[in-house]
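Student: got a predicted model here, sequence first, then my questions.
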Amino acid sequence: MHPHIQALLKCIELEEKEQAQRYSLDKQHTLKSLKAEGLALHPIIVTRKNFGYADYPEISFKLGFPPEANLFRDGAAIECFIAGEEPVKGVLMNLDGKSGEFRLFAPDFPDWIEDNGVGIKLAPDTRTTSIMKKVLNELESNKLLYKLFEQLHDLTANTNSLLPGRISGNFQSKKLNESQQQAVNAILQNKEITIVHGPPGTGKTTTLIEAVIELIKSGEKVLVSAPSNTAVDNICKGLIQQGVKLLRVGNASKADELIFPHTPEGRLNNSKQQKEIKQLKMRAEEFRRMALKYKRSFGKSEREQRNLLFKEVKNIRTEIKKLQHYNEEKLFEEAKVIAGTPIGLYDADITNIHFQTLIIDEAGQCIEPLAWCIFPFADKIVLAGDHWQLPPTVLSNEAATLGFNQSILETAIATVKEVYLLNTQYRMREAIAGFSSNYFYNDLLLTASHLTNTGTHITFIDTAGSGYNEKHGPDGISLQNEGELNIVRQLLETETIEPRTAAFISPYSGQATAAKEVLPKEMRISTIDSFQGQEKEAIILSLVRSNDDGDIGFLKDYRRMNVAITRAKEQLIVIGDSATIGGDAFYNSFLSYVEKKGTYRTVWEFEM
């Protein structure tokens, strides 16, 4: 077996082990510590219960507190729990602010679901890890695929990165700039694998949508994927608005009004088949009602009877799934584009359909084994994203050290020759984009002409010497800096920053949690990791780290800083301690940049 396949399999095992340890609720991991680490939401208030598409129980809930929920991503494996009862496994459908939804893999709602003290916590995602292991173990038996694997891991290959490309005579979209046109043209002429490198604000999604439309025109059937449901939905919305015949599969999140009609459930709504499914659901409901006559305290024969009734519910659910799958096959044939997350597409069982091109968006967030789950589905592959933004989230430090948090994009960009940079950003003022362009993109990232500088757009507020030191928050884990929050409050009182069009972000969840207590409710408050892919007119970034040792912790991952400083459109304000961060070459060059291109202020301008 190829050493890198062996390494990936080892990483998956390490990640499984770490998940099992981190997510367990026991004497070592109390509910308080799980909540503090953002691994549990408790208590939840159930607002609605219903049976979903495949007849699984679905629960809408709200929280009485702003969650620190970076890890509660749509599609995350969860367990619903209450003290003294067996937890029930499920999947998080979505979490938006203080409200969300999840699906339970159970025949019915637990008896205790509306009692006080119900919560949800993250659980090991054994389904995804088992699929990844299966795919990796079978990789060498697929000669074409294994050849691509060897190519991507051949570090002796000569790459010709960031090709200028050629624009073919028959493709000239007035909507796209030259670099975007070159990328679309490269996708159309792609023979095996092509990379579209899209830094922040460069119109990556617009470019991919245009490429998909052109591929369909040339008679291709296209597969579109991304590592998260949110990213899949984002590109789906753009394609739907362009009139593309699309089918969105495996969506664990609640499909919004625009996307729902393009899901299998939406397409089959009010059909003859849906009426059959409805009758089956009514039968399942009848069996559930009979089972629920047996309450929690019952004898052996009653328990057996209840189990038999629930077994019948399970059989009906299997029947519903078969019927749905049979009906979906026709939809798969009709669709020009099928879209879903890698696991959603894998579960859709589309191996008998021939796709010419697979496009993976946000490939910089996709761990390598997930990509191999869907690479066999198409003849040609397009990876789009930015490896200079945050990598995939990996819990195991040991697995990360072995390279498990290296995305498929980062792996491929080292050896693939066809790499096309989208070189013009349309999001932020030139002064805001300038540092990233220089440090991460070799000064190749240009700014659209209407965003050239007029006035000051970037500011650093230096807290050196103020005694505004970092401290551990109440959870004893994440860091906070009360002094930096004090500066933010004063900025909002004295400067023309509109809270509704601004965001406060920080690398540390403890600082984001503390900020929610003192900053205006209408202001978006988030960790950097949760804010990737978003933007606001003004961004206030609190770096938190302030100590005598010059210890900057995970500020050392400069990609996190790249995400943070490229979220602002008009105004970027960074608050930090130059004495702590200035010893690091990256931050030292950032401070020098601000002195040249922006405003350098000190804490002494503010009331201490």
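Tutor: Everything's here; your move.
Student: buried stuff in stretch 454-462?
Tutor: 457, 458, 459, 460, 461, 462 (16 or more other C-beta atoms under 10 Å). For every residue, glycine as well, the C-beta is placed using N, CA and C.
Student: repeat for stretch 83-102
Tutor: 87, 88, 89, 90, 91, 92, 93, 94, 95, 100, 101, 102.
Student: let me see the mean pLDDT of it.
Tutor: Computed over stretch 83-102, the mean pLDDT rounds to 88.
Student: next one: it to chain centre, how far?
Tutor: Chain-centre distance of stretch 83-102: 18 Å, with C-alpha atoms, centre = their mean, to the nearest Å.
Student: straight-line length of it, end to end?
Tutor: 19 Å (C-alpha to C-alpha, to the nearest Å).
Student: looking at this protein, which residue ends up farthest from its center?
Tutor: Most distant from the centre of the chain: residue 301, at 47.3 Å, with distances by C-alpha atoms, centre = their mean.
Student: pull the CA atoms of the helix or strand that contains residue 11 into CSV?
Tutor: Here residue 11 sits within helix 3-23, counting by DSSP states H and E. What follows is helix 3-23 as a C-alpha-only set of coordinates in CSV (Å, rounded to 0.1, in the frame of the first residue of the first chain):
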residue,chain,number,x,y,z
PRO,A,3,2.8,5.1,2.3
HIS,A,4,0.6,8.2,2.0
ILE,A,5,-2.6,6.0,1.9
GLN,A,6,-1.3,4.3,5.0
ALA,A,7,-0.7,7.7,6.6
LEU,A,8,-4.2,8.9,5.8
LEU,A,9,-5.7,5.7,7.3
LYS,A,10,-3.7,6.2,10.4
CYS,A,11,-4.9,9.9,10.6
ILE,A,12,-8.5,8.8,10.3
GLU,A,13,-8.0,6.4,13.2
LEU,A,14,-6.4,9.1,15.3
GLU,A,15,-9.3,11.5,14.5
GLU,A,16,-11.8,8.8,15.5
LYS,A,17,-10.0,8.2,18.7
GLU,A,18,-9.8,11.9,19.5
GLN,A,19,-13.5,12.4,18.7
ALA,A,20,-14.5,9.5,21.0
GLN,A,21,-12.5,11.0,23.8
ARG,A,22,-13.4,14.7,23.3
TYR,A,23,-17.2,14.2,22.8
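Student: am I right that residue 102 is in a strand?
Tutor: Yes: Residue 102 forms part of a strand when assessed by DSSP: H, G, I helix; E, B strand; the rest coil.
Student: so residue 184, which of the three states?
Tutor: helix.
Student: and the closest residue to it other than its chain neighbours, what's its pLDDT?
Tutor: With sequence-adjacent residues excluded and distances taken as C-beta to C-beta, 6 or more residues apart in numbering, residue 184 is closest to residue 211, at 4.6 Å. Model confidence at residue 211, given as pLDDT, is 97.
Student: report how many residues lie close to residue 196.
Tutor: Residue neighbour count, defined by other C-beta atoms under 10 Å, stands at 30 for residue 196.
Student: and the helix or strand hosting residue 188, how far from the chain's centre?
Tutor: Element membership for residue 188, per DSSP H and E: helix 178-189. In terms of C-alpha atoms, centre = their mean, the centre of helix 178-189 is found 26 Å from the chain centre.
Student: how about it: buried residues?
Tutor: 179, 180, 181, 182, 183, 184, 185, 186, 187, 188.
Student: shouldn't the last one be in contact with residue 213?
Tutor: No: between residue 188 and residue 213 no contact is recorded; they are 10.7 Å apart, counting by C-beta atoms under 8 Å.
Student: re earlier: tell me what the helix or strand just after the helix holding residue 188 is packed against?
Tutor: Counting by DSSP H and E, the next helix or strand C-terminal to helix 178-189 is strand 193-197. Counting contacts by 3 or more C-beta pairs under 8 Å, 6 or more residues apart in numbering; DSSP states H and E, strand 193-197 packs against helix 178-189, helix 204-217, strand 378-385, helix 408-413, strand 419-421.
Student: and the most centrally placed residue in the chain, what is it in contact with?
Tutor: Per C-alpha atoms, centre = their mean, the C-alpha nearest to the average position across the chain is that of residue 228, at 4.6 Å. Contacts for residue 228 were tallied using C-beta atoms under 8 Å, 6 or more residues apart in numbering; they are 73, 74, 75, 341, 362, 365.
Student: which among those gets closest to residue 525?
Tutor: residue 73 (18.2 Å; C-beta to C-beta).
Student: how deep is that closest one tucked in, by neighbour count?
Tutor: Neighbour tally, residue 73, other C-beta under 10 Å: 19.
Student: next one: phi and psi at it?
Tutor: phi -90, psi 150 (degrees, to the nearest 10).
Student: next one: residue 333
Tutor: Torsion angles, degrees, to the nearest 10, at residue 333: phi -60, psi -40.
Student: secondary structure class for the nearest residue to it once chain neighbours are set aside?
Tutor: Nearest residue to residue 333 in three dimensions, chain neighbours excluded: residue 353, at 7.4 Å (C-beta to C-beta, 6+ apart). Assigned by three-state DSSP, the conformation of residue 353 is coil.
Student: relative to residue 329, how far out is residue 353?
Tutor: Between residue 353 and residue 329 the computed distance is 9 Å (C-beta to C-beta, to the nearest Å).
Student: before we move on, what about residue 576?
Tutor: For residue 576 relative to residue 329 (C-beta to C-beta), the value is 56 Å.
Student: between those two, who's got more neighbours?
Tutor: More crowded of residue 576 and residue 329, by other C-beta under 10 Å: residue 576, with 27 against 14.
Student: residue 350: what's it in contact with?
Tutor: Per C-beta under 8 Å, 6+ apart, neighbours of residue 350: 223, 332, 338, 377.
Student: which strand or helix spans it?
Tutor: Applying DSSP H and E, one finds residue 350 in no helix or strand.
Student: what part of the protein, helix or strand, is modelled with the least confidence?
Tutor: Lowest by mean pLDDT, DSSP states H and E among the helices and strands of the chain is helix 272-291, with a mean of 80.
Student: which parts of that helix are buried?
Tutor: Neighbour count says helix 272-291 has 274, 277, 280, 281, 284, 287, 288, 290, 291 buried, by 16+ other C-beta under 10 Å.
Student: residue 348 - nearest residue in space that isn't next to it in sequence?
Tutor: Residue 348's closest residue in space is residue 249 (C-beta to C-beta, 6+ apart), at 4.5 Å.
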